[in-house]
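>>> From the sequence below, what's the structure:
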Amino acid sequence: MAKNRNKIAFWGIIILIVLMVAAIFIPMSIMRGTMADTVEQLNEKYNEDFLMAWSDIDDRPLSDTFNAIMKSNITGITYEATMTDGEGVIPDYESENKNAAVNTFVEQALPNTLALANLNGEALDLHIVSAQQFSEEALQQVATQLKAEFQLTTVSIDTFQTTEENFTYAAEHYSSYYQRSTLPAEAFDGLQPTVQNFTF
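Numbers count the residues shown, from 1 in each chain. The predicted model follows:
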């Protein structure tokens, strides 16, 4: 009788361990498959080569509805993507490509900066993170060039001057894990910046 109980207890423990392992690994396997399917689907839809830099799928591992940040291995641009019932879309794909063109223009005109453009018709809201301070004249010149290059009527520029260390962090972190155009000014508070605001 005791031997039978020991056998039942032994197999009960084995079954419990197997169920616990399955409860951990099955959702992880499903989640990985969903993430891979998402990347493949978005690559095909946008003719891209994406890497999923971040997602909130961990919050719902058995779901195919979640948000993600996709980074292009071709251009380095990051986009906010949404998956709804297995259908992936990047709502701001075209507009973020235009914002990226502005960012590139600004970063070439003002080296050692991180530009975060948000175009809205003929108006541009631009955040510039740098370890250096820019004169109003230098920013005016860039604003004039931007107006000519991108057919703008208004250019608003907020500069966030910080330390070299914080700038290096911002350049790596913000470019990899966020869609640049959607970062609010409050996102830079941790850089302890000196902030200036200009409208041209």
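>>> quick one, helices of the protein?
2-46, 93-109, 136-150, 164-177 (DSSP state H).
>>> Show me what the shortest one is packed against.
Counting contacts by 3 or more C-beta pairs under 8 Å, 6 or more residues apart in numbering; DSSP states H and E, helix 164-177 is packed against strand 50-55, strand 78-84, strand 113-120, strand 123-130. Yep, even glycine has a C-beta here, placed from its N, CA and C like the rest.
>>> Show me what the second one is packed against.
It stands for strand 78-84. helix 2-46, strand 66-72, strand 87-89, helix 164-177.
>>> Pick out the shakiest of these, pLDDT-wise.
Here the lowest mean pLDDT among the helices and strands packed on strand 78-84 goes to helix 2-46, at a mean of 74.
>>> Provide the backbone phi and psi angles at the nearest residue in space to residue 97 that is not next to it in sequence.
Spatial nearest neighbour of residue 97, excluding adjacent residues (C-beta to C-beta, 6 or more residues apart in numbering): residue 77 at 6.8 Å. Note on residue 77: its backbone torsions stand at phi -80, psi 140 [degrees, to the nearest 10].
>>> still on that earlier bit, relative to residue 162, which of the helices and strands packed on helix 164-177 is closest?
strand 123-130 (6.7 Å; C-beta to C-beta).
>>> Which residues does that closest one contact?
102, 106, 110, 112-118, 134, 146, 150, 152-162, 167, 170-171, 174, 183, 185, 188, 191, 193 (C-beta atoms under 8 Å, 6 or more residues apart in numbering).
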